[in-house]
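**Q** Got a predicted model here, sequence first, then my questions.
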Amino acid sequence: MIRINGREVEPRGTLLATCRAAGVELPAFCDGPGLMPAGHCRACLVEVDGRPQAACVTPARAGADVRTHTARLQAYRRDLGELMRAESRPGGAVGRTLAEWGVDGTRYRRPAERGARDASHPYLRLDLDACILCRRCLRACEEIQGQFVYAIEGRGAAARLAWGGAPFAESGCVSCGACAATCPTGAISDADREAAPVMTRVERTTCGYCGVGCQLDVHAAGGRIVRIEGAAAAVNHGHLCVKGRYAHAHTRHPERLTTPLIRRGGELVVASWEEAIATVARELEARRGRVAGLSSSRCTNEENYLFQKWLRAGLGTHDVDCCARVCHAPSAAGMRAAFGTGAATNSLADIERADLLLVVGANVTEAHPVTGARVRRAALAGARLVVVDPRVTELAALADIHLQTRPGTNVPLFNALACALVDEGRIDRDFIAARTEGWDEYEQFIRGETPERLAAVTGVPADRVRAAARLYGDAARPMMMHGLGVTEHLQGSEAVMLLCNLAMLTGALGRPGTGVNPLRGQNNVQGAADMGCQPDLLTGYVALDDAAGRARFEAAWGRPLPEAPGRILPEMIEAARAGEIRALFIFGEDVLQTDPDSRHVRASLEALEFLVVQELFMTETASLAHVVLPGASALEKDGTFTNGERRIQRVRRVVAPPGGARADWEILCALMAAGGLPQPFRHPGEAWEEIGRVAPLFAGVRYERLEGDGLQWPVPALDHPGTAILHTEGFPRGRGRLARVAYTPSPELGGALTLTTGRVLEHYNAGTMTRRSDNRRLVDADALEIHPDDAAARGIAAGAMVAIASAHGEARARARITTRVPAGVVFLSFHFPETGANQLTGQVRDRISGCPEYKVTAVEVRPAP
Amino acid sequence: MHPLEHAVGPPGGELEGMAAGGLHDILGDDSNRSTRPPSYPDRARPAAAARRRGGAGAAAAENRRGNRYPPGMADEDAAPVPTGAAHLRLLERARRLAVEPAAGHPLADLAAGASDAVVAAARGLPLATVRGLRSFYDQLGDGRRACDGTACRFGGGEALARRLARGGAVGTVRCLGHCYAAPSFRDGDRVFARPAGQPLEAWLAELDEGGAPGEAAAPIPRRALIEPAVVLRNLVPGAAPAGLAEYELPGPERILAALEASRLRGRGGAAYPTAAKWRAARDAAGAVRWVVANGDEGDPGSYTDRLLLEEDPHAVLAGMRACALVIGARHGVLYIRGEYPRALACARAAVEAARVAGHLGAAFDVEVVAGAGSYVCGEETALLRSIEGLRGEPSPKPPYPAERGLFGCPTVVQNVETLAVVPWIARGADRPAGAAPGSGTKAVSVSGGVARPGVVEVALGTPLARVLEQGAGGPRPGRGWKMALVGGPLGRVLPADRFDTPLGYDTLPGLGHAGVVVLDRSVAVRALAEHLFEFARAESCGSCAPCRIGTARLRDMPDRPRLERLLDTLEIGSLCGFGQGVPRPIRDLLEHFGDEVFA
């Protein structure tokens, strides 16, 4: 026990933590959530057995007698405050505390002001006159985001906060906002906070951008979002990225759709909800049997559930799919084939438990920034990092080993890694014997796939492959993460199976800090699949040929269901062109911009008799629709999202949808009622009782249980705590399957240049939301990354507009000459419709799931005429 | 562009040559290249086996790699970590990723004139970090700098600075360790001081005429008032130069037993029992251990360590080796302040000689790292940060270096003088190390108003008056003593009527490294006070608020209550011994001279 102001309490780490736990508040300006104690500000001084000590950096020692507010300490604090006021003019919490102490800034002479202000960044404002040099910003940048933007320049009284470039906008900052969030003086602030009203309402919700599922505290006033803060939750621990924290302006953007639109005489004109609902219900019913639906990974679980229920039970078709098809369907298919469950085996928290991180085909710091920061932190804390990527991503630059593959050569690379593990004996024979099948045939196959032989194919030297295999094989807790660089290929699903092989060979499954973990791209791509928005699986992955399972659905829904599976997304596009599908309902997706071979997609959509698009904005796809329904953004409705670690988290309405826009689940209920399938739900939460009834995976999910950090499925019962790690005992399919996969090169390989596409940090997918925010001031166009040699050979100057041509179409962008891409590879993001990135991509698809091969397209680049 | 894209270039990228070839290749300068692969900081890595699943030593490797909840997700109970921990890990990582670690040290790069961008690229450091690093040290780059150490300040330093300023800009350096020949200045790596016996005006006139400025080649005067001499055993007249014989050491257990019996306490000022420190480092968990010799003798008025490093470096290196034997270290760093160019050269030559003779090498090797102008770097945690290539800012203790020191590994940081006596103690366990139990001898640097300034070795407990009278020849003719600054600017001020005070860690807390600058009656109390204020302001590292802001306000205080309020804030609030120690001599001035401080 330790004595705090005469009271015996339990010691808790530092004296500061102990005092706080005991309810004794101490001023601690340089202490911030998530930061290591540093002892800069010295305000938390206490007397320990009469000796002054800074509480934040002093371990709580049993038996110590601690006094926190003696006359001497109070006089000291006042004097310290006077010194601080002689150096700076702190606002914020520090300013308030100093005022409470009666500090008036008169005791010490005040030298000239530092005078440094910076407003070059769209979101961050710096005013160093308010800075007390507590270094929370610097430490947040380093310890939370793993970046090193800030530094202290000068010494002693001349010390000041500095950054790597001037102006600040050129400092290399990734705009995560952690510095502004932790700054206690207002020296660094969010630009949007300056104008924020004082009285705001705060709602906890889940971020609507990527599949990390960060928890947000959203502040609203007068029906507008005024600012967003990171919540202290399991997923993000208060951290956010440039999208989640700042890019919320789309919610009140003037281009938001606010009324239903119906096409009349070639024009989309304003219509009433009654008319729009009736029209959609009537036109779809009229084409029963030739109707298909595309659901949205951007929308909630409940909406996805209703959508597929409507298509299946209401319109009698399994022609329902979602955008998971174009991203992680291969992960689901590959992992189902290997293990029996197509979802991440472990949790994001395992990143901290792993001693090796194998990041494959994922640009985590840009596409999943908060997870990316977690990986950076883990690597900086000592975990080994192996990155497989054709590009020198930020993580590749930090990696112990970067396997810089040629695009489209994952299968030989993964086989080579497995071969190195097997022939160097770095495998877990017990695990293989107990938990897998097919070892003998597999061993015979894999021994031939040597790194030495395959180096010519992958472009990765054999010794580097073997070194990576050694790191993976020797690690106690190797954790694998993969992204669309694995899945969006001709052999995407098969490549995922090969990743599963690596984990099974080394027994890196079912334990903390291990596993095979697809980094799901969209905020609810996991949930859309979970809810059954795929043509062959019902809610909760109940197969259509599972008669008992199907019977549960038929009983609950009160309608018979077709037995044959429906069409996947690309088949729908084909079928539309062929006239087999006449009406299509597209729910929150801009297939024209995001699906490959845009020309082909446009032709298909134009061939439809009836196209309905439910959207926030008039996207490329919506502009072709016959009826457009204005939906709600994630900040405007209730529901749940499921993140990439299977965590079901609440989405809460913070503001109302603008104008006549409606929550999507309400629209769906209205459509279902008009189509003769009325739903009893008055609130999305009520859907879970039914979902739990039909899908045992979710039997224990109820809204009241999702408060806090939600639940990770499977949640088979109301008293089940959820599942952080899958496959701890066995696999759902029994034994894990060791797949033997031979390499089939993509037909797109072999050109002069190979195009690979992806995202940048500042924008999200089709850019519908981020382009309508100040993120546009950070990045206002797509750029083509091209190696200096390739640029020189084509007479391309840095920043010049280039034309990119493939067999399928042409796109334009400015050239960024960089060694982030190797010679022979070019990279293009697809956030801006004017670029036309998906004009270039073709028809090659994953052989198993049908996911398009966005990552490999033969192109040529030339200066734009 | 993210900082790291600059920092850690891709294999085959534009930075590859830099990262692999080291900075000297970039600069086209091989003057510093050693004959063996350079190894700053030769980061030993735990055996690969330790990382294997279930392998022996896994726990140790675990410990070293900090297998705890990572920063940024720190729970409430997180233990304090050294400042700059994230940077350190970045640095470590960048080094690990380099095909071959870059030679030398970031400070050496900067001192050699490399740009921030070049250093950032070669060292894998963010640009902002390098800028912060450069701006921390004040002796980077060439040019003339006049010494403003206490002996020079009150021994003609101002006249010298004025004279030098006629020839162009002149900077300041806060002690070149030539206090016995004040005033002095440096011009790049050359140090000039007034030759003994030459009147100040005559020397300055020589400078003025562009004549030979009298390079201070004169040896440091030294004498021992104790028999046998211990610290100066190889340096007093008649002693045989010991050289490599110093490396003849008994086994680790006997060394430790001898140290224990000698009750040796650290001579840098903290006076911590040496044997206990070594024991703690030996017993701390970790696969890699370091021995660090602190040759950052920053106290103006102290030059004992310079004497040892220049004339008896093998005693220091042998002391390091003894420590390595005891704690199980394979790596040592000898950090020497940049203001001691000759000591750096001598130490480097000694390391080479010891390698050739087989006393240093595979089993234990030493790298010499040069400081670049920061008093605070003499504080042990700051010293470690500086060696790591970061700003030399102290970090809170605990953790102590013995548990988490250089690169997070258990480390013994020991003053040069302490290390120099270790071989002597180790070889003669039966001999007491000094006059009184637990004390021993101390080399006292004497300068200022005495007839024969120099290093005087005495038994701890010897009254200051005896040191001055018998060791330094008493006062200069016609100049009565007023006071002495003992132990440097964080030490004590003794008025002349207290010169009977015994010099000992217990009898005179604040004795420090025992540099004594005697000031005669011509020196105003206010002048000494302002010198101390200025030193505090100029050398505060700026890491903690009270010291950063308070040291710059000391000279503004109009009266005793206001000054004492500020001194109290500095003393109780400051993070490290610097801010805590600044008030010590000022309080003495107030006690003994009262309002003269404000005169």
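**A** Arrived safely. Numbers count the residues shown, from 1 in each chain, chains lettered A, B, ... in the order given.
**Q** what stretches of the stretch 51-200 of chain B score poorly on pLDDT?
**A** Where the stretch 51-200 of chain B drops to pLDDT under 70, the residues are B:51-103.
**Q** could you pull out the strands for it?
**A** Applying DSSP state E, counting those that start in this stretch to the stretch 51-200 of chain B gives strands spanning B:144-147, B:171-173, B:184-187, B:190-193.
**Q** of all those, which lies closest to chain A?
**A** Nearest of the strands of the stretch 51-200 of chain B to chain A, taken as Cβ to the nearest Cβ: strand B:171-173 at 13.4 Å. Glycine gets a C-beta too; all of them are placed from N, C-alpha and C.
**Q** Sheet partners, orientation included, of the closest one?
**A** Strand pairing for strand B:171-173, determined by DSSP bridges: strand B:144-147 (parallel).
**Q** What about residue 589, how many residues nearby?
**A** Going with chain A. As a burial measure, residue A:589 scores 29 neighbours (other Cβ atoms under 10 Å in any protein chain shown).
**Q** um, chain B though
**A** Neighbour count of residue B:589, defined by other Cβ under 10 Å: 21.
**Q** Spatially nearest residue to residue A:835, not counting backbone neighbours?
**A** Residue nearest to residue A:835 in three dimensions, not counting chain neighbours: residue A:782, with 4.1 Å by Cβ to Cβ, 6 or more residues apart in numbering or on different chains.
**Q** again with residue B:529
**A** For residue B:529, ignoring the flanking residues on the chain, the nearest one in space by Cβ to Cβ, 6+ apart is residue B:597 at 4.9 Å.
**Q** buried stuff in the longest helix along chain A?
**A** Longest helix of chain A, by residue count under DSSP state H: helix A:71-87. In terms of neighbour count (16 or more other Cβ atoms under 10 Å in any protein chain shown), helix A:71-87 has its buried residues at A:73, A:76-87.
**Q** Tell me the helix or strand right after that helix.
**A** Next in sequence after helix A:71-87, counting helices and strands by DSSP states H and E, comes helix A:92-100.
**Q** Which neighbouring elements make contact with that following helix?
**A** If contacts are counted by 3 or more Cβ pairs under 8 Å, 6 or more residues apart in numbering or on different chains; DSSP states H and E, helix A:92-100 sits against helix A:71-87.
**Q** Which positions in the stretch 201-350 of chain A make contact with chain B?
**A** A:237, A:239 (Cβ under 8 Å from any Cβ of the partner chain).
**Q** Which parts of the stretch 201-350 of chain A are strands?
**A** For the stretch 201-350 of chain A, the strands defined by DSSP E, counting those that start in this stretch cover A:201-206, A:215-221, A:224-230, A:261-264, A:267-270, A:291-295, A:320-322.
**Q** For the third one, which residues meet the burial criterion?
**A** When burial is assessed from 16+ other Cβ under 10 Å, strand A:224-230 yields the following buried residues: A:224-230.
**Q** That one - which strands sit beside it in the sheet, and in what orientation?
**A** Strand pairing (DSSP bridges) places strand A:224-230 next to strand A:215-221 (antiparallel).
**Q** beta partners of residue A:388?
**A** Beta-bridge pairing for residue A:388 (DSSP bridges): residue A:360, residue A:403.
**Q** Would you mind measuring from it to residue A:32?
**A** Using Cβ to Cβ, to the nearest Å, we find residue A:388 at a distance of 35 Å from residue A:32.
**Q** Between the two, which is the more surrounded one?
**A** More neighbours surround residue A:388 than the other of residue A:388 and residue A:32, with 29 against 25 (other Cβ under 10 Å).
**Q** That one and residue A:403 touch, don't they?
**A** Yes. Between residue A:388 and residue A:403 there is a contact under Cβ atoms under 8 Å: 4.6 Å.
**Q** Neighbours of the residue of the stretch 351-500 of chain B found nearest chain A, how many?
**A** Per Cβ to the nearest Cβ, residue B:396 is where the stretch 351-500 of chain B lies closest to chain A, at 3.7 Å. Neighbour count for residue B:396, taken as other Cβ under 10 Å: 22.
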